[in-house]
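**Q** Structure of the sequence below:
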Amino acid sequence: MPLVELKDITKVYGTLIANDKVSLELNKGEILAVVGENGAGKSTLMKIMYGLEQPTSGDIYVNGEKQRFHDPLDAIGKGIGMVQQHFMLIEQFTVAENIVYSKEPRKGMFFDRTAAIRITEELCEKYGLYIDPREKVKNCPVGLQQRIEILKVLYQEAEILIFDEPSAVLTPQETNQLLDTIRTLAGMGKSIILITHKLNEVFAVADRVVVMRHGQVVGNMPIKETNFDELSFLMVGRQLTNTVIPEVEKGAVCLEVNDLHVTGAGSKEAVDGLSMHVDRGEIVGIAGVSGNGQSELIRAITGLLPAESGSVKINGIEVTNLPPRDIRDSGLSCIPEDRYLWGCAREATLEETCIMYLHNKEPLSTGGWLHKKKIHSFVSETLEDFDVRYTSVFQKMGELSGGNAQKVVLAREVMQHSPFLIAAEPTRGLDIGAIEYVHHALLEKKKAGDCVLLVSSELSEVMSLSDRIYVMYDGRIAGEFTRENAVEESLGLLMMGGKLNEA
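**A** Numbering: from 1, shown residues only. Okay, here's the model as predicted:
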């Protein structure tokens with residue numbers, strides 16, 4: 001008998017069918033991978049299983065007993081825990097305080113800190129996930145923060161663990177440690193559901209894989225009976241093409257950053273004397289674990305954060321601390337790292353989003369007057385060219401799937417035809433079909449003789465697209481590589497603050 005069984009789960013939002021009679025089984029001690037494009041319905045299905053959403057119809061069984069989860073507490077009560085992609089930690093609390101939060105040991109009326117530390121140490125020992133219980137979370141690197149999230153779920157006595165895109169912000173070394181942890185947990189009898197778009201992780205740890213497309217299950221097989229090409233085809237419904245890096249002769253310097261200093265949150269210097277350049281006809285990647293100054297660097301270049309000292313030049317024009325519009329006018333466009341925080345407004349329509357920054361330029365406007373017919377035609381053609389799935393140009397951005405929202409932002413920035421494009425985390429959370437499309441757009445920019453600064457925590461992405469790679473750690477450039485001499489282990493070591501001679 002399966003440990004968990006979902007039967008004919010259907011979830012309808014208005015006219016959208018997110019899950020269409022989806023059935024899924026999870027066995028004890030099994031690692032089940034659930035893969036699919038953005039909007040395929042896998043996240044909705046997991047939210048239903050964890051009590052974050054209610055199914056329109058269908059049933060959930062745990063150990064053969066029919067269940068109805070009204071909230072996550074109901075799911076946790078039945079042994080189901082979820083390791084969120086975006087960590088839910090209190091940075092000012094210690095590791096132990098975060099792990100026991102909401103289920104704290106007490107001595108009388110008061111929190112028993114000694115017991116919390118002892119509980120954490122026992123969990124660490126039991127599961128081989130070692131971390132100092134007394135350390136504050138704000139001082140822990142990303143890999144350790146994820147370890148805390150896993151220990152939190154295990155402290156809740158979860159027997160079924162759902163991992164949602166768990167390696168999105170990890171270095172290669174941290175990813176390998178995570179996969180080892182997942183294997184260890186399964187070996188101890190825990191049952192795992194792994195949501196990921198990284199098929200190499202699926203083949204590394206999964207026993208079985210379920211493929212979803214358009215809200216339905218289109219594949220369910222043991223991992224030993226499938227391969228990368230078959231899963232890719234099932235996910236996107238077509239054969240993916242191999243990425244071909246065009247040979248383009250490098251031109252003049254397009255971006256030049258010299259001795260840049262930028263202060264981040266809490267008066268900490270986030271960018272510390274950084275110098276770099278990007279030439280026409282090349283893609284330059286910045287590899288690094290999130291939180292090492294990449295965000296502040298991008299915001300300083302684009303005018304959203306003041307530089308304390310140093311200089312930024314675009315196409316030979318000094319743009320340091322100029323207003324964002326003036327910097328864009330110098331030849332910059334930017335795909336921001338957070339599509340909703342910086343790239344668009346959830347309540348804005350697709351049409352409004354597509355013409356942001358372009359709205360006061362010909363042919364879309366003249367003398368402050370918008371040309372509605374030209375705008376509508378421009379937006380419709382742009383969305384079609386970039387394969388955005390939508391129902392109306394007046395649809396709100398917040399109604400699109402994450403992948404389609406990203407395509408809208410990508411389309412707007414690429415259609416500006418500026419010589420310099422910043423692409424910050426351009427494929428974060430996207431499926432392989434959408435990733436292929438984004439990569440093609442970036443390579444077309446390079447092919448046209450423009451240049452791209454690619455900032456990504458996905459090391460494989462940086463290595464596959466970049467002509468040169470800078471590694472960024474603690475606000476500084478820790479190393480520079482060409483495509484020919486870039487080695488994953490060396491980059492990963494520098495991303496964690498190590499030295500190459502320590503390898």
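
**Q** what ranges of the protein fall below the confidence cut-off?
**A** Filtered on pLDDT under 70, the chain yields the residue ranges 38, 168-169, 171, 239-246, 266-267, 429, 431, 501-503.

**Q** check which helix or strand covers Ile327.
**A** helix 324-329 (DSSP states H and E).

**Q** which outside residues touch that helix?
**A** Outside helix 324-329, the residues within contact range by C-beta atoms under 8 Å, 6 or more residues apart in numbering are Ile301, Thr302, Gly303, Leu304, Ile314, Val319, Tyr357, Ser418. Any C-beta I mention is one placed from the backbone N, CA and C, and that applies to glycine too.

**Q** now for the helix or strand that comes right after that helix, which elements pack on it?
**A** Following helix 324-329 in sequence order, the next helix or strand is strand 332-335 (DSSP H and E). Secondary-structure packing of strand 332-335 (3 or more C-beta pairs under 8 Å, 6 or more residues apart in numbering; DSSP states H and E): helix 402-414, strand 420-424.

**Q** want to try TSV for the ones you listed, with distance to Tyr127 and mean neighbour count as columns?
**A** Converted to TSV, those look like this (distance: least, C-beta to C-beta, whole Å; neighbours: other C-beta atoms under 10 Å):
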stretch	distance to Tyr127	mean neighbour count
helix 402-414	31	23
strand 420-424	35	25
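
**Q** Out of the ones you listed, flag the one nearest Gly143.
**A** For the helices and strands packed on strand 332-335, proximity to Gly143 was assessed by C-beta to C-beta; strand 420-424 is nearest, at 21.3 Å.

**Q** tell me the angle of the helix or strand immediately after that closest one in the chain relative to helix 402-414?
**A** Going down the chain from strand 420-424, the next helix or strand is helix 432-447, by DSSP H and E. With axes from the mean of the first three to the mean of the last three C-alpha atoms, to 10 degrees as the basis, helix 432-447 and helix 402-414 are set at 10 degrees to each other.

**Q** Check which helices and strands helix 432-447 sits against.
**A** When contacts are defined as 3+ C-beta pairs under 8 Å, 6+ apart, helix 432-447 sits against helix 228-236, strand 283-287, helix 402-414, strand 420-424, strand 451-456, helix 459-465.

**Q** Those into CSV, with extra columns for distance to Ile193?
**A** As requested, the helices and strands packed on helix 432-447 are exported to CSV (distance: least, C-beta to C-beta, whole Å):
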stretch, distance to Ile193
helix 228-236, 16
strand 283-287, 29
helix 402-414, 19
strand 420-424, 30
strand 451-456, 26
helix 459-465, 23
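
**Q** Nearest to Leu199, out of the ones you listed?
**A** It's helix 228-236; of those, that one is closest to Leu199 (C-beta to C-beta) at 5.5 Å.

**Q** buried set for the closest one?
**A** Residues of helix 228-236 classed as buried under the neighbour-count rule (16 or more other C-beta atoms under 10 Å) are Leu231, Ser232, Leu234, Met235, Val236.

**Q** my hunch is that Asp59 is in a helix, does that hold up?
**A** No - applying DSSP: H, G, I helix; E, B strand; the rest coil, one finds Asp59 to be strand, outside a helix.

**Q** OK, contacts around it?
**A** Counting by C-beta under 8 Å, 6+ apart, Asp59 touches Leu6, Lys7, Asp8, Ile9, Lys66.

**Q** Rebuild those residues as a markdown table, extending it with neighbour count and distance to Arg389.
**A** Output for these, formatted as a markdown table (neighbours: other C-beta atoms under 10 Å; distance: C-beta to C-beta, whole Å):
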| residue | neighbour count | distance to Arg389 |
| --- | --- | --- |
| Leu6 | 20 | 25 |
| Lys7 | 15 | 28 |
| Asp8 | 13 | 25 |
| Ile9 | 24 | 22 |
| Lys66 | 10 | 35 |
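
**Q** can I assume Arg213 is in contact with Ser232?
**A** No - with contact defined as C-beta atoms under 8 Å, Arg213 does not reach Ser232; the gap is 11.6 Å.

**Q** Run through the strands of the stretch 51-200 of the chain in chain order.
**A** For the stretch 51-200 of the chain, strands defined by DSSP state E, counting those that start in this stretch occupy the ranges 57-62, 65-67, 80-83, 106-107, 110-111, 160-164, 191-195.

**Q** Please produce CSV containing those strands, extended by distance to Val262.
**A** Formatted as CSV, the strands of the stretch 51-200 of the chain follow (distance: least, C-beta to C-beta, whole Å):
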stretch, distance to Val262
strand 57-62, 49
strand 65-67, 51
strand 80-83, 32
strand 106-107, 44
strand 110-111, 39
strand 160-164, 32
strand 191-195, 35
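
**Q** Near Glu256, how many other residues are there?
**A** Here the count is done by other C-beta atoms under 10 Å, and Glu256 has 17 residues near it.

**Q** Tell me how far the residue most central in space within the chain lies from Glu458.
**A** Geometric centre of the chain, nearest residue: Arg428, 3.1 Å, by C-alpha atoms, centre = their mean. Distance, Arg428 to Glu458, using C-beta to C-beta, to the nearest Å: 8 Å.

**Q** ok, now Lys313?
**A** For Lys313 relative to Glu458 (C-beta to C-beta), the value is 28 Å.

**Q** So the two - more neighbours on which side?
**A** More neighbours surround Glu458 than the other of Lys313 and Glu458, with 21 against 17 (other C-beta under 10 Å).

**Q** show me the contacts for Ser191.
**A** Shown in contact with Ser191 (C-beta under 8 Å, 6+ apart): Leu3, Val4, Leu26, Asn27, Lys28, Gly29, Glu30, Leu32, Glu159, Ile160, Leu161.

**Q** didn't Ile76 look like it was pressed against Ile160?
**A** No - Ile76 lies out of contact with Ile160 (C-beta under 8 Å); the separation is 10.1 Å.
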